[in-house]
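Undergrad: generate coordinates for the sequence data below:
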Amino acid sequence: MNCTKIISGISIVAIGATVANAATTPNSFVSPQTPNRGIVQFLQGTDSAGTYKTLYTVGANGSRCYGMLMNNTDTSTTHLVTVQIVNGGVKYGGAAVTTSLNAGFANSSAAQPLMSSSVWPGLPVDQYGNPYVQLVSGDTIQATFATTLTTSTLINIYVSCSDF
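TA: Down below sits the predicted model:
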């Protein structure tokens with residue numbers, strides 16, 4: 001509604017305006033604040049095939065994991081390793097990778113990435129093109145292996161995360 005009133009020769013125009021509803025929280029970018037990591041080791045003679053171990057427990061405000069790798073000391077047998085996101089006791093998605101012989105323990109066999117697009121397709125990528133996993137409070141990352149480890153062998157898994 002427009003109103004015009006002349007006061008002492010000055011014309012004042014009031015234009016009807018509505019008040020915009022403001023957001024209750026600012027729309028600010030929040031990046032992960034606390035660097036963190038998770039590690040797990042499966043050791044022959046100690047751990048049983050098919051038993052899940054917690055690799056990472058997500059922070060109270062959520063976490064973002066940027067890289068995950070696996071190595072093992074077995075020079076004669078490969079092992080299927082499964083990594084999954086767990087929420088409310090239910091295992092979701094993840095990756096299943098067969099270990100390379102002696103991966104990460106021999107100069108001719110590098111540690112194996114577990115978050116590459118070929119191993120875990122569909123992950124979002126950051127501004128640099130690197131895949132990551134976005135996790136909410138209550139999530140864990142758990143891992144297991146499928147076949148009995150041979151004498152004196154181990155499998156290590158490492159994940160690099162940051163908590164919000």
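
Undergrad: give the contact list for Val86.
TA: Val86 is in contact with Tyr92, Asp139, Thr140, Ile141, Gln142, counting by C-beta atoms under 8 Å, 6 or more residues apart in numbering. Glycine gets a C-beta too; all of them are placed from N, C-alpha and C.

Undergrad: among those, who's most crowded?
TA: In terms of neighbours by other C-beta atoms under 10 Å, those top out with Ile141 at 24 neighbours.

Undergrad: which helix or which strand is home to that residue?
TA: strand 140-145 (DSSP states H and E).

Undergrad: residues near the residue lying closest to Thr51 once chain neighbours are set aside, how many?
TA: Spatial nearest neighbour of Thr51, chain neighbours left out: Thr144 (6.1 Å); criterion: C-beta to C-beta, 6 or more residues apart in numbering. Counted with other C-beta under 10 Å, the neighbours of Thr144 add up to 21.

Undergrad: OK, contacts around Thr144?
TA: By C-beta under 8 Å, 6+ apart, the contact list for Thr144 reads Ala49, Gly50, Thr51, Tyr52, Lys53, Val81, Thr82.

Undergrad: the closest residue to Ser152 other than its chain neighbours and Ser137, how far apart?
TA: Using C-beta to C-beta, 6+ apart and skipping the chain neighbours, the partner closest in space to Ser152 is Gln44 (6.1 Å). With distances taken as C-beta to C-beta, to the nearest Å, Gln44 is found 35 Å from Ser137.

Undergrad: and if you look at Phe145?
TA: Using C-beta to C-beta, we find Phe145 at a distance of 28 Å from Ser137.
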